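**Q** Any chance you can model this:
(2 chains)
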There are 2 protein chains.
Amino acid sequence: MKIALIGLGKMGANMARRLCRGGIEVVGFNRSREIVEQLASEEGMIAAGSLAEAVGQLPSPRVVWLMLPSGAPTESTLQELIPLLNEGDVVVEGGNSNYHDTQRRARMLAEHGIGYVDSGTSGGIWGLKEGYCLMVGGDREHVALVEPVLKTLAPAPDRGWAHVGPVGSGHFTKMIHNGIEYGMMQAYAEGFALLRGKEEFSLDMAQITELWRHGSVVRSWLLDLTAEFMQRDQDLESVEPYVADSGEGRWTVVESVDQGVAAPVLSLALQMRFASQDEYGYGNRVLSMMRNAFGGHFVETRDEQS
Amino acid sequence: MKIALIGLGKMGANMARRLCRGGIEVVGFNRSREIVEQLASEEGMIAAGSLAEAVGQLPSPRVVWLMLPSGAPTESTLQELIPLLNEGDVVVEGGNSNYHDTQRRARMLAEHGIGYVDSGTSGGIWGLKEGYCLMVGGDREHVALVEPVLKTLAPAPDRGWAHVGPVGSGHFTKMIHNGIEYGMMQAYAEGFALLRGKEEFSLDMAQITELWRHGSVVRSWLLDLTAEFMQRDQDLESVEPYVADSGEGRWTVVESVDQGVAAPVLSLALQMRFASQDEYGYGNRVLSMMRNAFGGHFVETRDEQS
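**A** As a prediction, this is how the structure comes out:
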C-alpha cells in the first residue's frame, strides 16, 4: 500500500510516522520543507517537492490523504489536485472539516469520477503511540481502497476505526464527538473549581484526580491526562484562564439548532469558552451598570478593586 | 481485622462480599434478615440479629461501618449506636450523606470520644469485581484504624482509595464527583441525541459507541457501559425518558451557590433531569399560552397533536 499524505503539521506528521512504522509507503508533501526532510530521514518517508510530484509517484488507483486545516487550505489544495487525478482515484479528507463542506466537495469530485472519503480523526498527539480513532464516511468501494491505511492508523486493525455511513458522516460523527468533549471538559473543570473553592478542606487536586482514575464512575482518558498535569502543577499558574474553541464545538451547536434537538449543556460549554475569551467583559459591564442604575448599588471600578 | 457492617443493601452486600473474600472478618447486620442469612452461608459473614449483637462481637477498638440511606436511617442508627460504643471506637459512614451532616455527626460522636470517618464510595454494582473508589475524610488516627478495610475495598491496596482531608471532606469529594458525573452523562446524552437526530446518515449507535472506546478523546468508563447497552438495544425503547436524581447532584449546585463559584453545566445537567421528571409540563404550558396570547399563534392541544 502506497499513499500520498498532504499536510505534515502536528497531526499529519505523527500519522506519517505511524504509517511508515506500520509498513505503509508514504509519499509526503508539506508547504514548508523542513518536516518533509525530517520524516524522510527519520522514518523513510518518500519526500515530495510538490503536489504533482507526490501524486506522480502513486500507483493507480491513487489514494491521496489530506491532513490540512479546514477551510481555505483544504479547498485550494483540492482545486489543485483535481486536474492531477484520474477517474477511480480517491481523496481522503482527514482534517476537521464541516460535514456540509465535505458533502459539497464529494459532489464536486464525483463529477470527475474521483472518490471522496471523510475520516474524522481523534487522538491528538497521543495517536502516534496509541493509535487514532477514525470515524469514516464514504462509498463502500472508496473506503475499501483505504482500509489498509485505516487499519494501520487505528489502535488495532479490528478496533478504533469504522465506516459509519455515507460521505460526510465521518466528519459529522467527529463533530458530535468534539461537542461531547466540550461538555465533558466543562463538567470536570467546574467540579475541580468547586473542590479547590472549598478552602477549609485544603484538598489536593493531584491526589483526587489520581484517586478518581481507579474504580470511580468519572474515570476517563481526559481524567488520566488531567491527573498527569496536576501532579506537576495543581495551581495551574502556568496556564492562562482563556479557553480557545475551534469550529467543531460551534458547528455542534448550530446542528442542534438545525435539527431542533436540545443540546443545552454542549451549547453552554461553548458559551463558557466564549465568556473566558471575553477580556473586555462588555456584557458584565452592562450588568454592573444596570445593577447600579436601578438599585443604587456601588459600581466597582478596576482601580477600586485592586 | 474484624468490623461490623450495618446495612446490606445493593452496595453494602457487595462490599460485604468483597471484604469477606479479601480476608476481613465481617459481622453483618441488616433490618431484613434474608440478605444476612444469604451472606452468612455464601461468604462466611458472621450474622448479627441486632446492632448490639453486631457491636458485641467486635474487639476493641471497634470499627463499625454504616452503609445506610442518607438522612433518617443513618441518623437513627447513629443514635442507637452511641450508647453501645466506647471511647476510641470508630464509626465509618460509607453512604452518600451531605457533608454538612457528616461534620455535625462527627462533632456529636467526638463528645463521646468516638471517632467518625466518612468514606465517599463510587463504583456501583461493579465495585465487587473491580473494587471501589473510596474518598476518605477524618482524623489521621481514625483513618489509620480503618486502613486494612479501605485497602481491601479499593481496586488495589495502593490505589483507588485516599485520605483526602478532615472529616466531611470524603463526602464532599464524593458529592463533587457525582456532580461531574451528571455533567458528563448529560454531554454524552446530548451528543447521542444529535447523532440519532441526523436521520439521513442512519448512524449505528452501537457501532459508534464501540468505536469511540478505542483511541478517542471521549473514551471513559461511562462510555464502556453505554457501548455495552447499545449493543443490545440502541433504540432504548425499554428505557423511560425520565431521569431520576439523587441528593448529591442537588447539593453540588447548592455548593456552587454557597461558594459563589460558577458551575453552570453541572447546574444545567441537574435542571435537565428536573425537566425530564416534569410530566405535566406546567412551564411549557405557560410558554405555549403566552406565545398564543401575544402572537396569535395556534395553541397545540394534546388532542390535536395526536
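**Q** Direction-wise, compare the longest helix seen in chain A with helix B:169-197 and give the angle.
**A** Longest helix in chain A by number of residues, with DSSP state H as the criterion: helix A:169-197. Angle, helix A:169-197 to helix B:169-197, by axes from the mean of the first three to the mean of the last three Cα atoms, to 10 degrees: 160 degrees.
**Q** C-terminal to helix A:169-197, what's the next element?
**A** helix A:205-212 (DSSP states H and E).
**Q** picking that back up, what about the longest helix of chain A, near chain B?
**A** Yes - under the criterion of Cβ under 8 Å from any Cβ of the partner chain, chain B is reached by helix A:169-197 at A:169, A:172-173, A:176-184, A:186-188, A:190-191, A:193-195, A:197. (Each C-beta comes from the backbone N, C-alpha and C, glycine too.)
**Q** Looks like residue A:50 contacts residue A:29 (just checking).
**A** Yes - between residue A:50 and residue A:29 there is a contact at 6.9 Å, judged by Cβ atoms under 8 Å.
**Q** Which residues of the stretch 1-150 of chain A lie near chain B?
**A** Near chain B, when you scan the stretch 1-150 of chain A using Cβ under 8 Å from any Cβ, you find A:122-124, A:127, A:130-133, A:135, A:137.
**Q** List just the nearest of those to residue B:238.
**A** Comparing the residues of the stretch 1-150 of chain A next to chain B against residue B:238 with Cβ to Cβ picks out residue A:135 as the nearest, at 27.2 Å.
**Q** strands paired with the helix or strand hosting the closest one, and their directions?
**A** Using DSSP H and E, the element containing residue A:135 is strand A:133-137. Under the criterion DSSP bridges, strand A:133-137 sits next to strand A:115-122 (antiparallel), strand A:161-165 (parallel) in its sheet.
**Q** what's the angle from it to helix B:205-212?
**A** 140 degrees.
**Q** next helix or strand past strand A:133-137?
**A** Past strand A:133-137, the next helix or strand by DSSP H and E is helix A:140-153.
**Q** Tell me how far residue A:23 lies from residue A:167.
**A** 28 Å (Cβ to Cβ, to the nearest Å).
**Q** Mind checking which of those two has more residues around it?
**A** residue A:167 (26 against 9; other Cβ atoms under 10 Å in any protein chain shown).
**Q** Next, the contact list for that one, please.
**A** A:102-103, A:106, A:116-118, A:137-139 (Cβ atoms under 8 Å, 6 or more residues apart in numbering or on different chains).
**Q** Go ahead and list the helix or strand containing the nearest residue to it once chain neighbours are set aside.
**A** Nearest non-adjacent residue to residue A:167, counting by Cβ to Cβ, 6 or more residues apart in numbering or on different chains: residue A:106, 4.2 Å away. In the assignment (DSSP H and E), residue A:106 maps to helix A:99-110.
**Q** and that helix, what does it pack onto?
**A** Counting contacts by 3 or more Cβ pairs under 8 Å, 6 or more residues apart in numbering or on different chains; DSSP states H and E, helix A:99-110 packs against helix A:72-81, strand A:90-93, strand A:115-122, helix A:169-197.
**Q** Quick one: low-confidence residue ranges for chain A.
**A** A:296-306 (pLDDT under 70).
**Q** check contacts around the nearest residue to residue A:215 once chain neighbours are set aside.
**A** Among residues not flanking residue A:215 along the chain, residue B:133 sits closest, at 3.8 Å (Cβ to Cβ, 6+ apart). For residue B:133, the contacting residues are A:211-212, A:214-217, A:219, B:121-123, B:154-155, B:160-161, by Cβ under 8 Å, 6+ apart.
**Q** Could you rerun that using 6 Å?
**A** Neighbouring residues of residue B:133 by Cβ atoms under 6 Å, 6 or more residues apart in numbering or on different chains: A:214-216, B:122-123, B:160.
**Q** Can you pull the residues of the stretch 201-306 of chain A lying near chain B?
**A** A:201, A:203, A:207, A:211, A:214-221, A:255, A:259, A:261, A:263-266, A:268-269 (Cβ under 6 Å from any Cβ of the partner chain).
**Q** try 8 Å
**A** A:201-204, A:207-208, A:210-223, A:252, A:255-256, A:259, A:261-266, A:268-269, A:272.
**Q** List buried members of these by neighbour count.
**A** Among those, those classed as buried by 16 or more other Cβ atoms under 10 Å in any protein chain shown are A:201, A:203-204, A:207-208, A:210-223, A:252, A:255-256, A:262-266, A:268-269, A:272.
**Q** Next step: these restricted to helices.
**A** Short answer: those in helices (DSSP H) are A:207-208, A:210-212, A:221-223, A:252, A:255-256, A:264-266, A:268-269, A:272.
**Q** which residues sit in contact with the closest residue to residue A:221 other than its chain neighbours?
**A** Leaving aside its chain neighbours, residue A:221 sits nearest to residue B:219 (4.8 Å; criterion: Cβ to Cβ, 6+ apart). Residue B:219 makes contacts with A:133, A:220-221, B:212-213, as judged by Cβ under 8 Å, 6+ apart.
**Q** Surely residue A:239 forms part of a strand?
**A** No - per DSSP: H, G, I helix; E, B strand; the rest coil, residue A:239 lies outside any strand segment and is coil.
**Q** Chain B versus that one, what's the distance?
**A** Applying Cβ to the nearest Cβ, to the nearest Å, the value for residue A:239 to chain B is 18 Å.
**Q** what angle separates the longest helix of chain A from helix A:99-110?
**A** 160 degrees.
**Q** got the buried residues for helix A:169-197?
**A** Under 16+ other Cβ under 10 Å, the buried positions of helix A:169-197 are A:169-197.
**Q** Could you do stretch A:132-146 as well?
**A** So for stretch A:132-146, counting by 16+ other Cβ under 10 Å, buried means A:132-139, A:142-143, A:145-146.
**Q** Let me know the closest of these to chain B.
**A** Using Cβ to the nearest Cβ, residue A:133 comes nearest to chain B of the buried residues of stretch A:132-146, at 3.7 Å.
**Q** Spell out which residues make up each domain of chain A.
**A** A:2-167, A:175-281 (automatic domain parsing).
**Q** can you redo those domains as a markdown table with distance to residue B:71?
**A** Shown next, in a markdown table, are the domains of chain A (distance: least, Cβ to Cβ, whole Å):
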| stretch | distance to residue B:71 |
| --- | --- |
| domain A:2-167 | 43 |
| domain A:175-281 | 22 |
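**Q** show me what contacts residue A:190?
**A** Per Cβ under 8 Å, 6+ apart, neighbours of residue A:190: B:179-180, B:183, B:256, B:262-266.
**Q** mind checking how far stretch A:278-294 is from the chain centre?
**A** 35 Å (Cα atoms, centre = their mean, to the nearest Å).
**Q** For it, list the C-alpha coordinates in CSV.
**A** The C-alpha coordinates for stretch A:278-294 follow below in CSV (Å, rounded to 0.1, in the frame of the first residue of the first chain):
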residue,chain,number,x,y,z
ASP,A,278,-14.0,38.0,26.6
GLU,A,279,-11.3,40.1,28.3
TYR,A,280,-13.2,43.4,28.0
GLY,A,281,-16.3,41.9,29.5
TYR,A,282,-18.7,44.4,27.9
GLY,A,283,-21.8,42.3,29.0
ASN,A,284,-20.6,42.2,32.6
ARG,A,285,-20.0,46.0,32.5
VAL,A,286,-23.6,46.4,31.3
LEU,A,287,-24.9,44.2,34.1
SER,A,288,-22.9,46.1,36.7
MET,A,289,-24.0,49.5,35.3
MET,A,290,-27.7,48.4,35.3
ARG,A,291,-27.4,47.0,38.8
ASN,A,292,-26.2,50.4,39.9
ALA,A,293,-28.8,52.3,38.0
PHE,A,294,-31.9,50.6,39.4
